[in-house]
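In: Sequence and predicted structure are below.
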Amino acid sequence: MKALMIEGVERCAFHDIPEPVPGPGEVLIDVRHIGLCGSDLATFAGLNPLVALPRIPGHEIGGEIVCTGPDVPAEYAPGRRVIVVPYTACGSCTSCRQGRVNACRSNRTLGVQQDGGLSEKFVLPWGKLILNDVLAPRHLALVEPLSVGFHAVARGRVAKADRVVVIGCGMIGMGAIIGAAARGAKVIAVDVSAAKLEVAARWGAVETIDSSREDVAARVAELTGGDGADLVVEAVGLPATFTQAIDLVCFCGRVVYIGYCKAPVSYDTKFFNLKELDIMGSRNATADDFRAVIAYLEKPARAPDELISKVFAFGDAEQALPYWVKERASTLKIIIER
């Protein structure tokens, strides 16, 4: 069967690999939709230190059950549609012992520390599949990336009437915008892309700031009566936005970092103390986050197709990452469809 492999920096191609066979407790799925993530783009650009090449990318997966191995519950029947939970958990590290399996010390995310699902078929343990025959097949691949943003919102303890600044309106940031707005927060979206800010405004941001044109700190101060944001969610992963989050948050506020910064960050740490901040990391998503996103997408305020920038047929998947490199400013989500 065919699988797309990132072979080297800005180099990918289809390869023939053996078709997998499900063992005990495993399910063979027909991969129907794959969303490309920022981590896939970073791998393609040679900027993902967690990845050894070559690598099959793809962890935002929607599919259909083909068959099962022994010892799989009967409800995982052929023809059922599924959403893939792409993380692993060892069950014994400190994170797992606390029930926070999304941050497992030994996690191996599909498409990152192990080969992903950008192939015709894929085998997974049945416990890593969420059955869903309600969402449109294409929208199954939106659940995982939005869940990461929902998890950051949960980490940030967003409450009604909170003023939340989200820096970065990619798909992960969009999940934070949607999740915070769904909790009744006033969301201020920040990005350099006018196209992404337009989407953010349609999906829950009450204010948008183009950081390439405006003084973000001055605008946030204006919008919050000089207080600053109750919560800042950083979803870019640059040193400048890491430090900006500390500047924008109010005294006794909260900062959640989703972005994975690939360079050292220098802080004036006095503001950690003077503001008595709660500063948190956010990694992956939990089953509760997946369920919250599914519930939201089953009754969305707007058509979820608005979140998809471009769809490539599986046979044209070699073109997808090069396209994203060229059209990064306007691209929110690319879906590969079989």
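Out: Now that the structure is in, tell me what you want to look at. Values in this document were obtained by computation on a predicted structure and should not be read as measured data.
In: For the nearest residue to Asp278 once chain neighbours are set aside, give me phi and psi.
Out: Nearest non-adjacent residue to Asp278, counting by Cβ to Cβ, 6 or more residues apart in numbering: Arg254, 4.4 Å away. For the C-beta atoms, the positions are set from N, CA and C on the backbone; glycine is no exception. Backbone dihedrals for Arg254, given as degrees, to the nearest 10, come out at phi -130, psi 140.
In: Pull the contacting residues for Arg254.
Out: 156-157, 230-232, 277-280 (Cβ atoms under 8 Å, 6 or more residues apart in numbering).
In: any weak-confidence spans in the stretch 151-300 of the chain?
Out: For the stretch 151-300 of the chain, no stretch has pLDDT under 70.
In: Walk me through the domains of the chain.
Out: For the chain, automatic domain parsing gives the domain ranges 2-133+308-337, 154-281.
In: Can you name the residues bridging to the residue nearest to Asp278?
Out: Counting by DSSP bridges, Arg254 forms beta bridges with Leu231, Asp278.
In: Check the spacing between it and Gly225 real quick.
Out: From Arg254 across to Gly225, the span is 18 Å (Cβ to Cβ, to the nearest Å).
In: same question, Thr286
Out: Distance from Thr286 to Gly225, counting by Cβ to Cβ: 34 Å.
In: picking that back up, now a PyMOL select for only the buried ones of the contacts of Arg254.
Out: To isolate the buried members of the contacts of Arg254 in PyMOL, using 16 or more other Cβ atoms under 10 Å:
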select buried, resi 156+230+231+232+277+278+279+280
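In: Mind putting the contacts of Arg254 into CSV with distance to Trp126?
Out: Formatted as CSV, these follow (distance: Cβ to Cβ, whole Å):
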residue, distance to Trp126
Gly156, 32
Arg157, 33
Asp230, 40
Leu231, 36
Val232, 39
Leu277, 42
Asp278, 37
Ile279, 38
Met280, 32
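In: Quick check: Glu7 vs Phe44, distance?
Out: Taking Cβ to Cβ, one finds Glu7 at 10 Å from Phe44.
In: I'd like to know which elements the helix or strand where Ala240 lies is packed against.
Out: If you go by DSSP states H and E, Ala240 is part of helix 239-248. With contacts taken as 3 or more Cβ pairs under 8 Å, 6 or more residues apart in numbering; DSSP states H and E, helix 239-248 sits against strand 163-167, helix 216-223, strand 229-234, strand 249-257, helix 270-274.
In: The first one pairs with which strands?
Out: According to DSSP bridges, strand 163-167 forms sheet pairs with strand 186-191 (parallel), strand 229-234 (parallel).
In: Let's see it as CSV, backbone CA atoms only.
Out: Extracted in CSV, the C-alpha atoms of strand 163-167 (Å, rounded to 0.1, in the frame of the first residue of the first chain):
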residue,chain,number,x,y,z
ARG,A,163,-10.7,38.4,29.1
VAL,A,164,-8.6,36.0,27.1
VAL,A,165,-5.8,36.9,24.6
VAL,A,166,-4.9,34.2,22.2
ILE,A,167,-1.6,34.8,20.4
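In: what does that strand contact?
Out: If you take Cβ under 8 Å, 6+ apart as the criterion, strand 163-167 is touched by 153, 156, 158, 173, 176-177, 180, 185-191, 200, 205, 220, 223-224, 227, 229-236, 241, 244-245, 248-250.
In: again with stretch 293-303
Out: When contacts are defined by Cβ under 8 Å, 6+ apart, stretch 293-303 is touched by residues 83, 130, 132, 134-135, 139, 142-143, 146-147, 150, 175, 178, 182, 202-203, 304.
In: how does it look with 10 Å?
Out: By Cβ atoms under 10 Å, 6 or more residues apart in numbering, the residues outside stretch 293-303 that reach it are 83, 130, 132, 134-136, 139-140, 142-151, 175, 178-179, 181-182, 199, 202-204, 285, 304, 306-307.
In: Now, of those, which are buried?
Out: Buried members of the contacts of stretch 293-303, scored by 16+ other Cβ under 10 Å, are 83, 130, 132, 135, 139-140, 142-151, 175, 178-179, 181-182, 199, 203-204, 285, 304, 307.
In: could you give the mean pLDDT of the strand ranked longest in the chain?
Out: Looking across the chain with DSSP state E, the single longest strand is strand 26-36. Computed over strand 26-36, the mean pLDDT rounds to 98.
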